[in-house]
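# model this:
(2 chains)
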Amino acid sequence: MSAVTLRSEERVAAERVAAAGRLLAAVEDPEIPALSIVDLGLVRFVEVGPDGILEVGLTPTYVGCPATEVILHSVQDALRQDSVGEFKVTSVLSPAWSSDWISADGRRKLLEYGIVPPDQSVSSMRDVLRGTRPLACPRCQSLDTEMVSEFGSTPCKALHRCRACLEPFEYFKCI
Amino acid sequence: MSAPAPTVGSDALFRYVLRLGDLSLVLGQRLGEWVGHSPALEEDLGLANIALDLIGQARLLLTYAGEIEGRGRDEDKLAYLREQGAYFNAILAEQPNGDFGQTIVRQVLIDAYQLELYERMAGSRDERLTAIAAKSVKEVRYHLRYSSDWLVRLGDGTAESHVRAQSALDLLWPYTVELFAEDDLDRQMAESGIAPQLSEVHAAWTARIDAILNEATLKRPADRPHAWHGKRGQHSEHLGYILAEMQYLQRTYPDARW
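Numbers count the residues shown, from 1 in each chain, chains lettered A, B, ... in the order given. Got it, this is the predicted structure:
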């Protein structure tokens, strides 16, 4: 195999990865359509294997999240393009998904959508078990808020309420 | 470490992974019974969310068990087509919901157990179990935060809620002995570095439970000898009813799909 062919094969692979990346960035999360699965940090890798098959590694947020399968199907639908070619989607469990992986862009979009983004890097037992700092209401920014329930409308969110503007809001849990 | 850890047979590993998976599956199914019946909407959501996480754990573990067995059984076949004697959960998980307090007591006892177990399993020699445990433990922390918070409110609440929480604890405590009763399979898993020593898990669990009970002003019942062997497939009468409901559809319409 000549060096020229190798380079062009590498270029084709890189173009396929780039095309897949663009398509994945447009796949919405079914529960929080303001965010793409890339913003949420669900796409762990995109690469072309030695067999020429493009592989996408996806990780679930919560093990029982019903959105996981919807996301898998959306990804498969999105990638079915000539520019991507043959592909497969692999589930990646380890390392476990962390809310730290939500991109800065994703955090901004969450807040705009009315969901308070997760604290960063709260991973110690003490923080998770007891440490709840007051959250600012996404509507009026008041710190006079309280948690209503540890568990909200989806596994990843907790339910809070603002005592100043009296509006309920959701907090994307730190995990 | 001096001598290399012994390897375990696939049959032993299969049964051990089912123990873990069945505990999550049966408890998840039990919690699901609360949907639409909880004291408040928030508790409905809370218990349903925990149930969902537990079913998610069970899916990962049962899928893995099926692969270890290598006879083509997937998560659904293992969940829907096994008889009661082939379920290996400790029988604490299958005990009835009772009132809200009884459900919360059962949840605290099992959440703390899963937390201490999974945290230590993150160093397992079995990579797949390491990954599942590391993933699940993050969710279990939230489960325990929810259940222990409620237990403190109930125990340290009104005279009525205190009495109910204490009697639920007295009722369920004897079943916790089985969680930590080490048998040959547990020993084999610990010796081969797949699972932690149960005695270690027990000590950490006891310390954690004591702290919660103390805050909840509840009294820890004395340990009693036990004769429960759900981990070996000998169950209380309750599991049959759970399976009858859970498995009805697949048994009546085999291979039914959405």
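# give the contact list for the residue of chain A at minimum distance from chain B.
Nearest residue of chain A to chain B, counting by C-beta to the nearest C-beta: residue A:64, 2.7 Å away. The way it works is simple: take the backbone N, C-alpha and C, and place the C-beta from them, glycine included. The contact partners of residue A:64, taken as C-beta atoms under 8 Å, 6 or more residues apart in numbering or on different chains, are A:155, B:52, B:53, B:54, B:55, B:56, B:57, B:59.
# export the residues you listed as TSV, with columns for pLDDT.
Converted to TSV, the contacts of residue A:64 look like this (pLDDT from 0 to 100):
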residue	pLDDT
A:155	82
B:52	94
B:53	95
B:54	97
B:55	96
B:56	94
B:57	96
B:59	95
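# buried subset of those residues, written for ChimeraX?
Command for ChimeraX that selects the buried part of the contacts of residue A:64, burial taken from 16 or more other C-beta atoms under 10 Å in any protein chain shown:
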select /A:155 /B:52,53,54,55,56,57,59
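# and the contacts of residue A:64, which is closest to residue B:159?
residue B:54 (32.5 Å; C-beta to C-beta).
# and stretch A:134-154, how far apart are its ends?
End-to-end distance for stretch A:134-154, by C-alpha to C-alpha, to the nearest Å: 21 Å.
# check which residues of that stretch are buried.
A:135, A:136, A:137, A:138, A:145, A:148, A:149, A:150, A:151, A:152, A:154.
# now do stretch B:188-206
Buried-residue list, stretch B:188-206, by 16+ other C-beta under 10 Å: B:188-190, B:192-196, B:198, B:201-202, B:204-206.
# and the furthest pair within these?
B:192 and B:206 (25.4 Å).
# filter the buried residues of stretch A:134-154 by proximity to chain B?
Contacts with chain B are made by A:148, A:149, A:150, A:151, A:152 out of the buried residues of stretch A:134-154, judged by C-beta under 8 Å from any C-beta of the partner chain.
# go through those residues and name the one nearest residue B:63.
For those, the minimum distance to residue B:63 (C-beta to C-beta) is 25.0 Å, reached by residue A:151.
# now do the SS call for the residue of chain A closest to chain B.
Here residue A:64 takes the coil state, with states given by DSSP: H, G, I helix; E, B strand; the rest coil.
# which residue comes closest to it once chain neighbours are left out?
Excluding the flanking residues, the one nearest residue A:64 by C-beta to C-beta, 6 or more residues apart in numbering or on different chains is residue B:56, at 2.7 Å.
# wait, residue B:18 sits on residue B:88?
Yes - contact criterion C-beta atoms under 8 Å: residue B:18 and residue B:88 qualify, at 4.7 Å.
# for chain A, what helix or strand is lowest in average pLDDT?
When the helices and strands of chain A are compared on mean pLDDT, DSSP states H and E, helix A:125-129 comes out lowest with a mean of 49.
# could you list every helix and strand that the helix or strand just after that helix packs against?
Sequence order places strand A:145-149 as the next helix or strand after helix A:125-129, per DSSP states H and E. Counting contacts by 3 or more C-beta pairs under 8 Å, 6 or more residues apart in numbering or on different chains; DSSP states H and E, strand A:145-149 packs against strand A:157-162, strand A:168-172, helix B:41-69.
# can you put the ones you listed in CSV and add distance to residue B:228?
Listed next are the helices and strands packed on strand A:145-149 as CSV, based on distance: least, C-beta to C-beta, whole Å:
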stretch, distance to residue B:228
strand A:157-162, 36
strand A:168-172, 40
helix B:41-69, 20
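# which strand or helix spans residue B:175?
Per DSSP H and E: helix B:159-180 holds residue B:175.
# what comes up buried for that helix?
Here helix B:159-180 shows B:161-162, B:164-166, B:168-169, B:171-180 as buried, counting by 16+ other C-beta under 10 Å.
# and what of stretch A:40-52?
For stretch A:40-52, the neighbour count (16+ other C-beta under 10 Å) marks A:40, A:41, A:42, A:43, A:44, A:46, A:48 as buried.
# in JSON lines, list those along with distance to residue B:215 and pLDDT.
Compiled in JSON lines, these are given as follows (distance: C-beta to C-beta, whole Å; pLDDT from 0 to 100):
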{"residue": "A:40", "distance to residue B:215": "36", "pLDDT": "93"}
{"residue": "A:41", "distance to residue B:215": "36", "pLDDT": "93"}
{"residue": "A:42", "distance to residue B:215": "37", "pLDDT": "94"}
{"residue": "A:43", "distance to residue B:215": "42", "pLDDT": "95"}
{"residue": "A:44", "distance to residue B:215": "40", "pLDDT": "94"}
{"residue": "A:46", "distance to residue B:215": "48", "pLDDT": "96"}
{"residue": "A:48", "distance to residue B:215": "55", "pLDDT": "95"}
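# so which of those residues is the closest to residue B:121?
Distance to residue B:121 across the buried residues of stretch A:40-52 (C-beta to C-beta) is lowest for residue A:44, with 22.2 Å.
# check contacts around the residue lying closest to residue A:65 once chain neighbours are set aside.
Using C-beta to C-beta, 6+ apart and skipping the chain neighbours, the partner closest in space to residue A:65 is residue A:155 (5.1 Å). The neighbours of residue A:155, taking C-beta under 8 Å, 6+ apart as the test, are A:61, A:62, A:64, A:65, B:49, B:52, B:53, B:139.
# tally of neighbours for the fourth one?
What that stands for is residue A:65. 20 (other C-beta atoms under 10 Å in any protein chain shown).
# go on, the first one?
A count of neighbours around residue A:61, defined by other C-beta under 10 Å, yields 27.
# ditto for the fifth one
Residues near residue B:49, counting by other C-beta under 10 Å, number 27.
# mind checking the SS state of the residue nearest to it when sequence neighbours are not counted?
Distances taken as C-beta to C-beta, 6+ apart put residue A:151 closest to residue B:49, at 3.8 Å, once the chain neighbours are dropped. Per three-state DSSP, the secondary structure class of residue A:151 is coil.
# ok, which stretches of the chain are helices?
Chain wasn't specified; assuming chain A. A:3-24, A:67-79, A:104-113, A:125-129 (DSSP state H).
# hmm, I had chain B in mind actually
Using DSSP H, helices in chain B cover B:10-32, B:41-69, B:75-80, B:100-121, B:127-155, B:159-180, B:184-191, B:198-215, B:238-252.
# and the pLDDT for residue 4?
Let's take chain A. On pLDDT, residue A:4 comes in at 60.
# my question was about chain B, not that one.
57.
# and for residue A:133?
Here, the pLDDT recorded for residue A:133 equals 68.
# same question, residue B:256
88.
# and it, how close does it get to chain A?
With the distance defined as C-beta to the nearest C-beta, to the nearest Å, residue B:256 ends up 18 Å from chain A.
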